[in-house]
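Colleague: can't give you the sequence, but here's the structure:
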């Protein structure tokens, strides 16, 4: 294959290099490749050039480069599950990771829920026809003297259990087809979405959280600005208490099930943390048996 400094830069970014620095290194590698007398060079020779240059940057980059080479040669698909309450940056993180790893299949549980709404009438599954933080409005079986927070959480759990059926079907299909897939959404609840049972895939499961309430609220202002006012920002803020209550539940559930909980207030740091989790999981000897 012809040498591509763009692809090389992308591989170096995976190894942890800053994007601008990765492109500079890729240009140096391109010059070395062009300077060779042969029309073709073995791939191992190319990797040797890369590693020699990366040693100048630091040993961590070399080890990460080795690790990601292993990950990209995996003969089993990567299943990445990203959970988190509304406003924790799940879809943004999922998109960035999918781009870096060349994964073309990203599924949102909101899309699964929307598809299920078309098949199940509101009278049959009322909770399914509300937003996650509004699901209390669809609860038809009241708890004994529930307060608003308990009712909101009960409605969400009811909805999540229904959507998990579709999410698990997406995971099973992806494993069957051998396609790397990212599934993200608030309905990715540990214990309900059970990708870890699939021995035919490398499964990485994470739960995002924003600990600081003010930072969490600020995410909804950003949403409103980025979408040109299309998102009902006021609606999110009115239901902020319910959103936080759902986050508490999801984090507690993740800790109980052994899922890593990742602070996403700093999106760049969250990206590095999850990428490291993927690298660690995919290169571990125990990854053969999730």
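Modeller: Yep, that arrived. On a predicted model such as this, the values are computed, not experimentally measured, just so you know.
Colleague: hey, where'd the strands end up in the protein?
Modeller: All strands of the chain, identified by DSSP state E, fall at 78-84, 105-108, 181-184, 202-209, 261-263.
Colleague: Save the ones you listed as a markdown table, and put in mean pLDDT, mean neighbour count and distance to residue 40 too.
Modeller: To be clear about C-beta, it is placed using only N, CA and C from the backbone, and glycine gets the same treatment. Supplementary listing: the strands of the chain in a markdown table, determined by pLDDT from 0 to 100; neighbours: other Cβ atoms under 10 Å; distance: least, Cβ to Cβ, whole Å:
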| stretch | mean pLDDT | mean neighbour count | distance to residue 40 |
| --- | --- | --- | --- |
| strand 78-84 | 95 | 26 | 31 |
| strand 105-108 | 94 | 18 | 34 |
| strand 181-184 | 96 | 25 | 35 |
| strand 202-209 | 95 | 24 | 32 |
| strand 261-263 | 97 | 18 | 43 |
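Colleague: can you put these in a markdown table and add distance to residue 11?
Modeller: As requested, the strands of the chain are arranged in a markdown table below (distance: least, Cβ to Cβ, whole Å):
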| stretch | distance to residue 11 |
| --- | --- |
| strand 78-84 | 16 |
| strand 105-108 | 21 |
| strand 181-184 | 19 |
| strand 202-209 | 19 |
| strand 261-263 | 24 |
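Colleague: Any idea which of the ones you listed gets closest to residue 70?
Modeller: Between residue 70 and the strands of the chain, the shortest separation by Cβ to Cβ is 10.9 Å, and it involves strand 202-209.
Colleague: partners of that closest one, with directions?
Modeller: Sheet pairing of strand 202-209 (DSSP bridges) gives strand 78-84 (parallel), strand 261-263 (parallel).
Colleague: do you know how far residue 192 is from residue 83?
Modeller: Using Cβ to Cβ, to the nearest Å, residue 192 is found at 10 Å from residue 83.
Colleague: Over to residue 95?
Modeller: Distance from residue 95 to residue 83, by Cβ to Cβ: 16 Å.
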